[in-house]
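Student: sequence and predicted structure below; questions after.
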Amino acid sequence: MEELFGNFGQLLSSTIRNATPLIFAALGGMFSERSGVVNIGLEGLMLISAFAGVVGAFLSGSALVGLGTAMAAGLAFALIHAVMTITFEADQIISGTAINLLALGGTGFLMVEVFGSGGTSPNVQGFSAVRIPLLADIPLLGPALFNQSLLVYLMYALVPTTYFVLFKTPFGLRLRGTGESPEAVDTAGVNVFRMRYYGVALSGILAALGGAYLSMGILSAFTENMTNGRGFIALAALIFGRWHPVGAAGAALLFGFAQAFTFQAPQDVVPLEFLQMLPYVLTLIVLAGFGGRAIAPAAVGKPYRKE
Amino acid sequence: MTERQSASGVADAAPVVLEMKGVTKTFGPVVANDDISLTLKRGEILGLLGENGAGKSTLMKILYGLYSPDKGSISIEGEEVKIKDPKDAVSRGVGMVHQHFTLIPRLTVAENIVLGAEPTKGGRVDMARATRDTEELCERYGLRVDPRSRVSDLSVGVQQRVEILKALYRSARILVLDEPTAVLTPQETEDLFSVLKELVGDGLSIILITHKLGELRGVSDNITIIRDGKVVDTVKTSDTDEGELAKLMVGREVLLRVSKEKSEVGEVRLSAADLVVKGNSGSVAVHGVSLEVKAGEILGIAGVDGNGQTELAEALAGTRVAESGAVLLDGEDITKVGANGRQRLGLAYVPEDRGTKGLVQDFSLSENNAIKTYEKAPFSSRFGWIFPKAMRRSAAENLRAYDVRPPDPDARAGSLSGGNQQKAVLARELSGDPGVIVASQPTRGVDVGAIEFIHGQLLKQREEGKAILLISLELEEVRSLSDRIIVLYNGRISGEVGPDATDEELGLLMAGRGMDESA
């Protein structure tokens, strides 16, 4: 019995750890897509920020500085996407793909430039687990939920914050309006381009938090292509969660669970490669089953051109 | 400008609230507005009448700050103003109800109304206040709307009220409505006009843009007519009639009412039995409709937009699969036959949306002309290659016969005006000498001159013994062309009447009245 609970606690804790980067990125994608800009560059944004965070922490010796450089990098690359798609009306999928390729190639190249070799970077100061007294003593859930990195606690706060911003503030109303009908927002005297820039910029900053958590929360080093498709899974979580912060977080938890299960399952029975496939297969099934019926913001993917 | 006292009693002494002087706007070589001047007085309803493309909308977009004029000045309340963008216009008290609503379907009425000018409380949108303010405005002007309902759940008429409320919420003193009745039933139109009168009674001034001659009667005080970007005249509504207005608008005498010859009604050519059709959303749009169209008659289908007309037409034409029921052409079941097959059997289809379904905008007129028959002689060989010369020759003939301007087979379809595009569709569909014609809103967004031509063509086909199904949102059109009229409401036939039915009779059927007893 005890062993079972122990395993369950471990599985839950691992689920949270795996879901956290997905939730950050999905919340980021939400701001972008709610403003009407598809951001499949989440993957690349996470990867770049994961790298930039490690470089910042490596050079300064401070995890906080690393977090700052990660967010700056995420913002900078998101702005490239914004300039391409909003100002120059480039295809949003192509621009996002370019960001992903740039991130993969760029970090590989810079690894060698900065650290002298590819593969994995030296260890840096990261955000190690912080135990929250009392809460962490709750049986079963406590250790899993409240003995985590600071970034996980930030994620806990960001889900309701995103909900509040999106559904209760004028900014959120305008952002949602922009993704639904930019013409309507424009005639109401709101600057469509500015709203979309905000949306994409926020997606960069939030994806950066996800990337930083990968390289400075779960690990304390950067590994080439360490995102390994998490940006795309986050996108799937966003769609499965119907572009709603709570829904997306729930979907991300489901995907996080699938990943956690991969590590926990008895590997002598099922081949490891098969288990590693699970999160992606789950993504496919979920998108095929629910993706079609999910209702995206009406104007997502369409550049807005003023008459 | 005029020395006369207007119908609704707007005194000539009433202060001028808006004066546009010498407004000129060009787009490349096209002069959309050429030295246009107009004045609007407090409490006045001014009709702005002109054909599509005459420059009405351009002028109003200048007033609303969406375009900047090349020349000319705008004065509001006697003060010359520069309007840079819609925000500027709104702050000067100008409100606009666009032809295509600028509402966000998934938001509530109140959210739509306050968007961009949200009342806040501690950083959040004060929805309670937004709802209260909306309710107050509704109360004051007799506009019945529930601020809490979602816009996508509202009828078009109610959505229009939301648009008006949006302008009023921003304290509009000058309200511009662009083709507001295009989407309304006769009753809704009446309701709208009484709201407008309420508004001018409260000191607002209104500009009503339209290309429909009849509807300004009884509403507007004065009418300014625009043709080819120039003001032709400004007349007092009570001193004019439709004939005079049409002449001013088009620049020549126009046949307003088509004269319909008696025609020989023959056998049933096209019929539908218990047709059930789903709409794009997946819900049933046509609930078991049965009808018959005989040779030599025009069967008109009236109804408010979105009551299943589109789905019915598409199911008859074969571009949409019916869930159940049957379509028969000359007694033969063609339910399983595709659109192309039906075409070959002699069923012509004029789709309601010429822009996306009637023509490929980026193809030439000659390619569009052959788009349904390109795989047959004389357009292609049996080995599969096409003969552009033959296509061009046939197109040139058709374009001339249907007075398409320019009659150039190599012109890009998208470069033509709406009326000429529609004539090009008609030319293709009718040139194959079909036995049955399904025409869905054949004159939508088409100017008076082209309407006259298209009506003439349809009547000619009728006299030649063709069976014609005419779907239209324009009551006048249905009435003047049809031999029988069926009214669709919520995907069901709510009644059948003759062409001499009154507005009231048709209006009631269009609102679904008369079905209650049977249901």
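Tutor: Right, received. Where do you want to start?
Student: got a list of contacts for the helix or strand where A:Asp186 lies?
Tutor: Using DSSP states H and E, A:Asp186 maps to helix A:182-187. The contact list for helix A:182-187 (CB atoms under 8 Å, 6 or more residues apart in numbering or on different chains) reads A:36, A:174, A:177-178, A:192, A:195, A:299, A:304, A:306, B:86, B:96, B:98, B:102-104, B:112, B:115-116. For the C-beta atoms, the positions are set from N, CA and C on the backbone; glycine is no exception.
Student: try 7 Å this time
Tutor: Contact with helix A:182-187 is made by A:36, A:174, A:177-178, A:192, A:195, A:299, A:304, B:86, B:102-104, B:115-116, as judged by CB atoms under 7 Å, 6 or more residues apart in numbering or on different chains.
Student: can you list the residues of chain A near chain B?
Tutor: Applying CB under 7 Å from any CB of the partner chain, one finds that chain A approaches chain B through A:168-170, A:173-174, A:177, A:180-181, A:183-185, A:187-190, A:307.
Student: drop anything exposed from these.
Tutor: When the residues of chain A next to chain B are checked for burial by 16 or more other CB atoms under 10 Å in any protein chain shown, the buried set is A:169-170, A:173-174, A:177, A:180-181, A:183-185, A:187-190.
Student: pLDDT added to the residues you listed, as CSV?
Tutor: Formatted as CSV, these follow (pLDDT from 0 to 100):
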residue, pLDDT
A:Thr169, 96
A:Pro170, 96
A:Leu173, 96
A:Arg174, 96
A:Gly177, 95
A:Glu180, 94
A:Ser181, 93
A:Glu183, 90
A:Ala184, 90
A:Val185, 92
A:Thr187, 85
A:Ala188, 85
A:Gly189, 83
A:Val190, 90
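Student: list the helices and strands the lowest-mean-pLDDT helix or strand in chain A packs on?
Tutor: The helix or strand of chain A with the poorest confidence is helix A:272-286; it has a mean of 82 (mean pLDDT, DSSP states H and E). Contacts defined by 3 or more CB pairs under 7 Å, 6 or more residues apart in numbering or on different chains; DSSP states H and E place helix A:272-286 against helix A:230-240, helix A:245-264.
Student: deepest of those, which one?
Tutor: helix A:230-240 (a mean of 27; mean count of other CB atoms under 10 Å in any protein chain shown).
Student: CA atoms only for that one, dumped as CSV, please.
Tutor: Extracted in CSV, the C-alpha atoms of helix A:230-240 (Å, rounded to 0.1, in the frame of the first residue of the first chain):
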residue,chain,number,x,y,z
ARG,A,230,7.0,20.3,-26.2
GLY,A,231,6.1,23.5,-28.0
PHE,A,232,3.9,21.6,-30.4
ILE,A,233,2.4,19.6,-27.5
ALA,A,234,1.7,22.9,-25.8
LEU,A,235,-0.1,24.1,-29.0
ALA,A,236,-2.2,20.9,-28.9
ALA,A,237,-3.0,21.6,-25.2
LEU,A,238,-4.1,25.1,-26.2
ILE,A,239,-6.5,23.7,-28.8
PHE,A,240,-7.7,20.8,-26.7
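Student: tell me the confidence at the closest residue to chain B within the stretch 1-150 of chain A?
Tutor: Distance from chain B to each residue of the stretch 1-150 of chain A (CB to the nearest CB) is smallest for A:Arg34, at 11.4 Å. pLDDT, A:Arg34: 96.
Student: just to revisit the earlier point, now the contacts of helix A:182-187: which count as buried?
Tutor: A:36, A:174, A:177-178, A:192, A:195, A:299, A:304, B:86, B:102-104, B:115-116.
Student: next step: these restricted to helices.
Tutor: The helices, defined by DSSP state H, take in A:Arg174, A:Gly177, A:Thr178, A:Val192, A:Met195, B:Pro86 from those.
Student: and residue 21, what is it in contact with?
Tutor: Since no chain was named, I'll use chain A. By CB under 7 Å, 6+ apart, the neighbours of A:Pro21 are A:Met46, A:Gly210, A:Tyr213, A:Leu214, A:Arg230.
Student: should've been chain B
Tutor: B:Ser37, B:Gly72, B:Ser73 are the contacts of B:Lys21 under CB under 7 Å, 6+ apart.
Student: surely it is within a strand?
Tutor: Yes. Assessed by DSSP: H, G, I helix; E, B strand; the rest coil, B:Lys21 belongs to a strand.
Student: quick one: low-confidence ranges for the stretch 1-150 of chain A?
Tutor: A:1-6 (pLDDT under 70).
Student: if we can go back for a sec, just give me the least confident of the buried ones among the contacts of helix A:182-187.
Tutor: Lowest confidence among the buried ones among the contacts of helix A:182-187: B:Pro86, with 85.
Student: what sits closest to A:Ala136 if chain neighbours are left out?
Tutor: Leaving aside its sequence neighbours, A:Ala136 sits nearest to A:Phe146 (CB to CB, 6 or more residues apart in numbering or on different chains; 4.1 Å).
Student: near that neighbour, how many residues? Count them for me, please.
Tutor: Other residues within reach of A:Phe146, judged by other CB atoms under 10 Å in any protein chain shown, total 21.
Student: please state the backbone phi and psi of it?
Tutor: phi -120, psi 20 (degrees, to the nearest 10).
Student: show me what contacts it?
Tutor: Counted by CB under 7 Å, 6+ apart, A:Phe146 has contacts A:Ile132, A:Leu135, A:Ala136.
Student: write out the residues of chain B neighbouring chain A.
Tutor: Counting by CB under 7 Å from any CB, chain B sits next to chain A at B:66, B:86-87, B:90, B:102-104, B:106-107, B:111, B:115-116, B:118, B:120, B:123-125.
Student: picking up where we left off before, output the helix holding A:Asp186 as CSV - backbone C-alpha positions only.
Tutor: Only the C-alpha atoms of helix A:182-187 are listed here, as CSV (Å, rounded to 0.1, in the frame of the first residue of the first chain):
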residue,chain,number,x,y,z
PRO,A,182,-10.2,42.9,-36.1
GLU,A,183,-12.5,45.0,-38.2
ALA,A,184,-14.9,45.4,-35.3
VAL,A,185,-12.2,46.3,-32.9
ASP,A,186,-10.7,48.8,-35.3
THR,A,187,-14.0,50.6,-35.8
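Student: still on that earlier bit, buried ones in the least confident helix or strand of chain A?
Tutor: In helix A:272-286, counting by 16+ other CB under 10 Å, buried: A:Leu275, A:Leu278, A:Pro279, A:Tyr280, A:Leu282, A:Thr283, A:Val286.
Student: who touches it?
Tutor: A:Gly229, A:Ile233, A:Ala236, A:Phe240, A:Phe255, A:Ala258, A:Gln259, A:Phe261, A:Thr262, A:Ala265.
Student: tell me the pLDDT of the residue lying closest to A:Gly36 once chain neighbours are set aside.
Tutor: Excluding the flanking residues, the one nearest A:Gly36 by CB to CB, 6+ apart is A:Gly179, at 4.2 Å. Looking at A:Gly179, its pLDDT reads 95.
Student: could you do B:Ser494 as well?
Tutor: 93.
Student: for the one helix or strand it maps to, packing partners?
Tutor: Under the criterion of DSSP H and E, B:Ser494 resides in strand B:492-497. Other elements packing on strand B:492-497 under the criterion 3+ CB pairs under 7 Å, 6+ apart are strand B:284-294, strand B:484-489, helix B:503-510.
Student: contacting residues for A:Tyr304?
Tutor: Applying CB under 7 Å, 6+ apart, the residues near A:Tyr304 are A:Pro182, A:Val192.
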